[in-house]
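Trainee: Task: produce atomic coordinates for the following.
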Amino acid sequence: MKNTHIFILVTLLIAFSLKADERPTINSLIGQEFIIEDTWTGQSFTLKKKEKDLIIVWKVFGSGVPIVSEKEYPVKIKSDWQFRFHTGSGENINNFQVSILDKGKVKVYLNGIRIYAKNNKLLTKKSR
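Mentor: Numbering: from 1, shown residues only. Below is the predicted model of the structure:
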């Protein structure tokens, strides 16, 4: 009887310590545009759903015209909270990583270096 109580107590302690991850998932980023400021007119990327896959729509802004180019790139999902994509080709490949942290904050990395992206709003559980 005493062993049964100890077993139940240990099971309950383990169950409470293994709570579910409360972070919003990458699906909450679908449709959000992230603007990256550069020394020219800027660029942006937007996560979109295309059939069953996720893609990035990459835009390069121009002066005199709103958008100089717009391309689609495939997304590699690393987890429910992180994805990667590559832009460019040949010697000009840029590796991006987008991660959602514990409190819903989004971080963007370019070739392993964190960069600032506008519309980097705090995600909430409701925005899933």
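Trainee: wait, isn't residue 42 in contact with residue 58?
Mentor: No: the criterion here is Cβ atoms under 8 Å, and residue 42 misses it with residue 58 at 11.9 Å. All C-beta spots, glycine's among them, are computed from the backbone N, C-alpha and C.
Trainee: The two: which has the busier surroundings?
Mentor: Neighbour count, other Cβ atoms under 10 Å: between residue 42 and residue 58, residue 58 has more, with 20 against 14.
Trainee: how far away is the most centrally placed residue in the chain from residue 2?
Mentor: Residue closest to the average C-alpha location in the chain (Cα atoms, centre = their mean): residue 98, at 3.9 Å. Residue 98 is 52 Å from residue 2, where distance means Cβ to Cβ, to the nearest Å.
Trainee: Then residue 106?
Mentor: 50 Å.
Trainee: more crowded one of these two?
Mentor: residue 106 (21 against 6).
Trainee: Surely that one is in contact with residue 98?
Mentor: Yes: using Cβ under 8 Å, residue 106 is in contact with residue 98, at 6.5 Å.
Trainee: overlap in contacts of these two?
Mentor: 29, 34 (Cβ atoms under 8 Å, 6 or more residues apart in numbering).
Trainee: Can you give me the neighbour number for residue 40?
Mentor: Residue 40 has 11 nearby residues by other Cβ under 10 Å.
Trainee: Low-confidence stretches in the protein?
Mentor: 1, 5, 7, 9-21, 120-128 (pLDDT under 70).
Trainee: Go again with 80.
Mentor: 1-22, 64, 102-104, 119-128 (pLDDT under 80).
Trainee: what's near enough to touch residue 60?
Mentor: Residue 60 neighbours (Cβ under 8 Å, 6+ apart): 43, 67-70.
Trainee: Hmm, residue 96 and residue 107 touching each other?
Mentor: No: judged on Cβ under 8 Å, residue 107 makes no contact with residue 96 at a distance of 11.1 Å.
Trainee: who's more crowded, the two?
Mentor: Using other Cβ under 10 Å as the criterion, residue 107 and residue 96 rank with residue 96 on top: 22 against 15.
Trainee: Thanks again, I'm all set now.
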